[in-house]
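Engineer: What shape does this take:
(2 chains)
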Amino acid sequence: MKANVITFPGSNCDKDIGSILANEFQADVHYVWHKESFDNRPDLVVLPGGFSFGDYLRCGAMAKYSPCMKSVDEHRKRGGFVLGICNGFQILTEAGYLPGALLHNRSLKYVCKDVDLLPDKQNQVTAGLSSQALSIPIAHGEGAYFADEETLKRLEGDSLVAFRYAENPNGSLHDIAGITDAKGKILGMMPHPERAMNPYTGKMDGKAIFESIFKNL
Amino acid sequence: MYQIKINITLKSSVLDPQGQTVLKALHDQGKQSVVDLRVGKYIEVKVDAKSEAEAESLAKEMCESVLVNQVIESYSYQIQAL
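Structural biologist: Just a heads-up that it's a prediction; the model follows:
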């Protein structure tokens, strides 16, 4: 598997996800600086967590104009898989690859803790996961998923919700923690599965999530 | 040269927790006459445009492409010749 991890100025989870993909899944990982383009036809493109462009203006608002996004768009049009984690999810919504937006947490507090995630069995990407809750860390100040009524209806009707919080930590509508596009080729999620992939931390629930994604590449 | 003053607020259908928190703080100070409060963003831009119409079209383009997320925000602007 060939994976490209994009590094924006302010990305800070690029090496985390890259090392997991390389060491645990033997992926051929390329780190792509946001000003570069790529044409190595990866199987997976990752927009990692962090604070692209300092989160100024809005989280993820400026990343969509980075030159690399042209290559990401070509990858997407070829039917390649795009995974956006945390700030990556915010970028995916700002770029219009996924509907909705991420707002300030309703508590106005930055939340950093393990949450129970419930995979949706109807969704293409998460269908293979067991119905059991997965314990995955979150760490964000702007993670409340918002979309208008019509969009929410479409997300529910077309089974595009991939993950929900068992206990809503941020005020996301419909308890949404992650969604996919209609083809199941773009997944955006606020929780960090790459932080639940190391036995030293006592957390391994991220593994099942990655395996489920790889089945859909 | 023109100055564009842009005001951005969350759409009325979007919950504004920041505004609600400030509103509650004002109520705690006894200012019960404050019935609603929403926190927004103000952006000033100077543009080297030849006419007000050109400045206006730049303003609209900037707002809709970068400065405003129309899923959650609405905006208004004023233009002033410098």
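
Engineer: how far away is residue B:76 from chain A?
Structural biologist: 18 Å (Cβ to the nearest Cβ, to the nearest Å). Every C-beta, even on glycine, is put in place using the N, C-alpha and C of the backbone.

Engineer: Please identify the helix or strand for the residue of chain B positioned farthest from its centre.
Structural biologist: Distance from the centre of chain B peaks at residue B:30, with 27.7 Å (Cα atoms, centre = their mean). Here residue B:30 sits in a region with no helix or strand, counting by DSSP states H and E.

Engineer: chain center to the helix or strand harbouring residue A:178: distance?
Structural biologist: Using DSSP H and E, residue A:178 sits within strand A:176-180. Between the centre of strand A:176-180 and the centre of its chain there are 8 Å (Cα atoms, centre = their mean, to the nearest Å).

Engineer: elements contacting it?
Structural biologist: strand A:111-119, strand A:144-146, strand A:161-165, strand A:186-189 (3 or more Cβ pairs under 8 Å, 6 or more residues apart in numbering or on different chains; DSSP states H and E).

Engineer: Using PDB, list the CA coordinates for it.
Structural biologist: Output of strand A:176-180 as PDB, limited to C-alpha atoms (Å, rounded to 0.1, in the frame of the first residue of the first chain):
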ATOM      1  CA  ILE A 176     -21.800  12.500  14.500                       C
ATOM      2  CA  ALA A 177     -18.000  11.800  15.000                       C
ATOM      3  CA  GLY A 178     -17.200  10.900  11.400                       C
ATOM      4  CA  ILE A 179     -18.800  10.800   7.900                       C
ATOM      5  CA  THR A 180     -18.000   9.500   4.500                       C
END
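
Engineer: and stretch A:34-50, how far out from the chain's middle?
Structural biologist: Worked out by Cα atoms, centre = their mean, stretch A:34-50 lies 13 Å from the chain centre.

Engineer: What would it look like as CSV? C-alpha coordinates only.
Structural biologist: Provided in CSV are the C-alpha atoms of stretch A:34-50 (Å, rounded to 0.1, in the frame of the first residue of the first chain):
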residue,chain,number,x,y,z
HIS,A,34,1.7,21.2,1.2
LYS,A,35,3.5,23.3,-1.4
GLU,A,36,4.4,20.2,-3.4
SER,A,37,2.3,18.2,-5.8
PHE,A,38,2.4,14.5,-6.2
ASP,A,39,1.8,12.0,-9.1
ASN,A,40,2.9,8.7,-7.5
ARG,A,41,-0.6,7.4,-7.5
PRO,A,42,-1.0,6.5,-3.9
ASP,A,43,-3.7,4.2,-2.6
LEU,A,44,-4.4,6.4,0.3
VAL,A,45,-4.0,10.2,1.0
VAL,A,46,-4.1,11.3,4.6
LEU,A,47,-4.8,14.9,5.8
PRO,A,48,-3.5,14.6,9.4
GLY,A,49,-4.5,16.3,12.6
GLY,A,50,-3.0,19.5,13.9
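
Engineer: Kind regards, and thank you for your time.
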